[in-house]
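**Student:** For reference, the sequence and a predicted model appear below.
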Amino acid sequence: MQDVISIDNATNNNLKNVSVDIPKHKIVAVTGISGSGKSSLVFDTIASESQRLLNENYSSFIQNILPKYPKPLVDSISNLPVSLVINQKRIQGNPRSTVGTITDIYSSLRLLYSRMAKPFIGFSMKYSFNNPEGMCTQCNGLGEIKNINLDKLLDVNKSLNEGAIQFPTFQKKGWRLTRYTESGYFDNNKKISEYSKDELQMLLYSPKVKPKNPSNQWHKTAEYFGVIPRITESFINVDSGKYKKDLNKILDVKVCPSCNGTRLNDEVLSSKIESKSIADCCEIQITELLEFINKISNNDVKIITDDLKMKLQTLRTVGLDYLTLNRATSTLSGGESQRIKLTKYLNNALTDVLYIFDEPSVGLHPHDITGINNIFRQLRDKGNSILFVDHDPDMIAVADEIINFGEGAGTEGGNVTFQGAYKELLKSDTVTGRALTKQHYLNNDKKKFVDFYTLDNVSKNNIKNISIKIPKNALTLVTGVAGSGKSTLIRQLFTKKYSEVSVLDQSLPHASSRSNLATYLNIFNEIKKLFSAKNDIPIAMFSNSGKGACSECKGKGYVKLDLAYLGDSVQVCEKCHGKKFNDTTLTYTYNGKNISEVLNLTVSEALDFFDDNQIIKNVLTATVSASLDYIKLGQTLDTFSGGELQRLKISQMLSKKISQIIILDEPSTGLHESDIDNLINLFHELINDDNTLIVLEHNLSIISQSDWIIDLGPKGGAQGGKLLYQGYPVDFIDDNNSYTAKYLREFIK
């Protein structure tokens with residue numbers, strides 16, 4: 001049959017000979033608890049094979065440049081369309097990336113202005129702030145001026161040798177510091193405060209020169225360069241996120257006084273349509289801009305205005321009509337990033353494409369999910385197929401068909417336990433079905449709080465003069481639609497006042513083929529010490545990246561064969577059979593097991609095995625609390641699902657007891673509804689341990705169990721940033737001004 005994608009005997013990761021037919025030209029949701037096999041089927045099998053087969057159509061030269069997709073472990077896949085994979089990563093963007101540029105709306109605006117604006121100044125590129133002819137010459141099209149604050153950069157009470165320059169690689173033992181200590185210009189033990197005017201000028205502002213009397217450590221061809229121009233050239237004027245936090249510590253940033261933040265020069269700003277410059281169009285909200293474009297009735301530019309109307313209307317469809325085109329993409333929330341990526345696909349002319357989405361609900365309020373569901377329906381109705389992995393009940397409900405995996409995770413999962421319509425799923429004897437039909441209750445307690453953390457009349461971005469109080473030793477939920485100001489209020493304003501906080505955000509741990517559960521939890525060294533002491537052997541012998549490694553695979557457990565134009569082939573190492581260690585290391589045991597066998601233990605098995613070691617036991621107990629008891633100690637992080645990585649971070653936070661104020665930014669990301677109860681239990685453990693939890697979240701199960709709610713809105717951007725409510729959940733439920741309260745009422749019913 002041509003109207004289904006047929007998969008026969010898929011065995012990637014924990015999949016147990018999965019055979020399934022996925023209907024085409026439908027919206028199909030893949031559900032199941034975290035680690036049950038959803039991603040193994042959707043991404044490691046279907047998406048990987050589709051991308052791999054597409055790449056095979058290119059020449060060998062081009063294939064070597066393109067990303068490599070491994071051939072999935074499956075007997076056959078038939079009727080597979082070309083796929084587009086949309087992941088849950090935020091749009092980062094460089095300083096020149098804006099909502100206007102990422103959506104191509106700015107390109108259309110430039111074209112419109114080059115045809116209609118008076119006075120005529122040139123073609124469309126002239127209106128670009130990324131073009132030398134259009135950009136403001138003072139800020140180079142960035143809209144802001146960045147100056148290095150010398151008081152923040154230099155510790156004048158220290159010498160160069162003592163690390164007077166407070167920036168990475170310039171500090172003590174930093175390699176860039178040698179560009180100054182070996183130049184021959186300075187007494188390296190002299191405090192900066194004792195420098196003469198000429199010495200300070202040479203240190204900070206000198207242009208590139210050849211040192212006359214450098215030390216013998218100085219590179220012969222190197223030039224000397226002042227600290228300020230060096231940092232400006234190497235870090236400030238490059239589009240790189242490296243050292244971003246360090247730069248923020250030493251930079252004073254202000255709006256460019258020449259262009260007032262518009263990024264454009266005076267000539268471009270003088271060219272207008274109906275008294276509006278192109279910069280004016282970028283500073284108003286999408287709704288206002290659409291009204292402005294609708295008023296233009298000129299047949300000569302109808303193609304351009306129709307294109308603009310379509311793109312702007314699409315942003316309205318997904319609830320982003322409050323944004324402005326000059327908004328930097330780096331400031332977008334996760335939910336805003338997700339929806340902007342979706343609009344790009346809705347506007348293209350492709351049909352019969354398989355769109356694959358990884359948790360499209362991430363970062364979205366229930367109110368925002370309506371817009372995503374509308375996009376899915378429109379993509380389907382254009383003749384495309386939609387396949388997505390998600391846990392959100394409102395996302396699952398929009399699907400024409402649902403494929404559920406389970407019923408456990410890891411070795412307990414990997415089976416299709418249900419396939420059918422949403423109504424049938426609710427009746428099914430599955431973890432997902434039971435979670436979706438569970439009765440929910442509101443926390444009706446009104447605990448008496450005495451001590452509070454407070455913010456008084458704070459303002460930033462769309463937050464204007466808000467005052468809040470957050471009870472100590474309680475679970476406070478900060479709610480509101482995407483873009484309402486939650487992150488600004490808590491992650492910026494609150495953390496500025498209370499710098500001792502710990503933040504757990506949506507970013508996932510770095511996952512490589514070398515890092516495993518034991519290394520990430522920092523217990524592998526402790527395990528190696530036990531083996532070392534028991535066998536009186538150096539600790540390095542028990543490292544698969546050191547002396548203990550298999551000589552054939554270098555401790556990876558597999559060998560990668562380069563088959564030239566056929567690509568790489570990965571095979572289990574024949575020498576160690578995937579154990580990663582050499583034969584000598586494997587002869588040494590601890591409590592009857594060698595190091596490879598210990599790393600093959602699950603967390604729950606390891607908890608019994610290391611019952612007499614309190615350090616390892618404490619860490620593993622926290623990991624069990626995060627519902628990761630089935631993961632093996634040696635399982636590499638690159639094989640973890642998103643939900644597993646999220647819980648891994650939470651378990652590490654539990655074991656470290658890191659701070660008394662903990663901010664969690666959407667901790668439900670990647671979690672099945674059945675895992676939420678465990679997460680709430682973890683929250684209460686932390687509160688019982690004298691911590692204060694501040695959670696930014698859209699998940700209604702978590703919101704319903706909070707001790708205190710701070711709700712922002714009513715919408716996003718300029719229409720948000722207002723404090724709609726703060727207080728007990730039981731009083732919040734009847735608030736008629738809040739989208740969150742509205743959906744919470746429906747959820748409880």
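**Tutor:** Perfect, thanks for sending it.
**Student:** which residues of this structure score low on pLDDT?
**Tutor:** By pLDDT under 70, the low-scoring segments of the chain are 1, 88-90, 92-93, 239-241, 334, 506-514, 561-570, 642, 654-658.
**Student:** How many neighbouring residues does Glu194 have?
**Tutor:** 11 (other Cβ atoms under 10 Å). C-beta coordinates here come from the backbone N, C-alpha and C atoms, glycine included.
**Student:** now it: how far from Ser34?
**Tutor:** Distance from Glu194 to Ser34, counting by Cβ to Cβ, to the nearest Å: 60 Å.
**Student:** Hmm, Phe225 and Pro211 touching each other?
**Tutor:** No. Counting by Cβ atoms under 8 Å, Pro211 stays clear of Phe225, with 10.6 Å between them.
**Student:** Compare those two (neighbour count), which wins?
**Tutor:** Counted by other Cβ under 10 Å, Pro211 and Phe225 do not tie: Phe225 has more neighbours, with 19 against 15.
**Student:** need the contact list for that one.
**Tutor:** 179, 206-208, 233 (Cβ atoms under 8 Å, 6 or more residues apart in numbering).
**Student:** how about 10 Å then?
**Tutor:** For Phe225, the contact set (Cβ atoms under 10 Å, 6 or more residues apart in numbering) comprises 179-180, 183, 205-209, 231, 233-234.
**Student:** re earlier: which residues are in contact with both of Pro211 and Phe225?
**Tutor:** Common neighbours of Pro211 and Phe225 (Cβ under 10 Å, 6+ apart) are 179, 183.
**Student:** Just the buried residues of stretch 517-534, please?
**Tutor:** 517-521, 523-524, 527-528, 530-532 (16 or more other Cβ atoms under 10 Å).
**Student:** From those, which land in helices?
**Tutor:** Using DSSP state H, the members of these that fall in helices are 517-520, 524, 527-528, 530-532.
**Student:** C-alpha coordinates for stretch 204-212, CSV please?
**Tutor:** Presented in CSV, the C-alpha positions along stretch 204-212 are these (Å, rounded to 0.1, in the frame of the first residue of the first chain):
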residue,chain,number,x,y,z
LEU,A,204,45.6,48.8,26.7
TYR,A,205,45.5,50.6,23.4
SER,A,206,48.7,50.0,21.3
PRO,A,207,48.1,49.2,17.6
LYS,A,208,49.9,46.2,16.1
VAL,A,209,53.7,46.6,16.4
LYS,A,210,56.8,44.5,16.4
PRO,A,211,58.4,44.3,19.9
LYS,A,212,62.0,45.5,20.0
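**Student:** what sits up against it?
**Tutor:** Contacts for stretch 204-212 (Cβ under 10 Å, 6+ apart): 148, 150, 153-154, 165, 179, 182-185, 192, 195, 202, 218, 220-230, 233.
**Student:** change it to 6 Å
**Tutor:** 183-184, 223-228 (Cβ atoms under 6 Å, 6 or more residues apart in numbering).
**Student:** Likewise for stretch 100-115?
**Tutor:** 123-124, 127, 278, 281-282, 301, 304, 307-308, 311, 325, 329.
**Student:** CA atoms only for it, dumped as PDB, please.
**Tutor:** The C-alpha coordinates for stretch 100-115 follow below in PDB (Å, rounded to 0.1, in the frame of the first residue of the first chain):
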ATOM      1  CA  GLY A 100      12.600  40.100  10.400                       C
ATOM      2  CA  THR A 101      15.700  38.400   9.000                       C
ATOM      3  CA  ILE A 102      14.900  34.800  10.200                       C
ATOM      4  CA  THR A 103      11.400  34.900   8.700                       C
ATOM      5  CA  ASP A 104      12.500  36.700   5.500                       C
ATOM      6  CA  ILE A 105       9.900  39.400   6.100                       C
ATOM      7  CA  TYR A 106      12.600  42.000   6.200                       C
ATOM      8  CA  SER A 107      13.800  40.900   2.800                       C
ATOM      9  CA  SER A 108      10.300  41.500   1.400                       C
ATOM     10  CA  LEU A 109      10.100  44.900   3.200                       C
ATOM     11  CA  ARG A 110      13.400  45.900   1.600                       C
ATOM     12  CA  LEU A 111      12.000  45.000  -1.800                       C
ATOM     13  CA  LEU A 112       8.800  47.000  -1.100                       C
ATOM     14  CA  TYR A 113      10.800  50.100   0.000                       C
ATOM     15  CA  SER A 114      13.100  50.000  -3.000                       C
ATOM     16  CA  ARG A 115      10.000  50.100  -5.300                       C
END
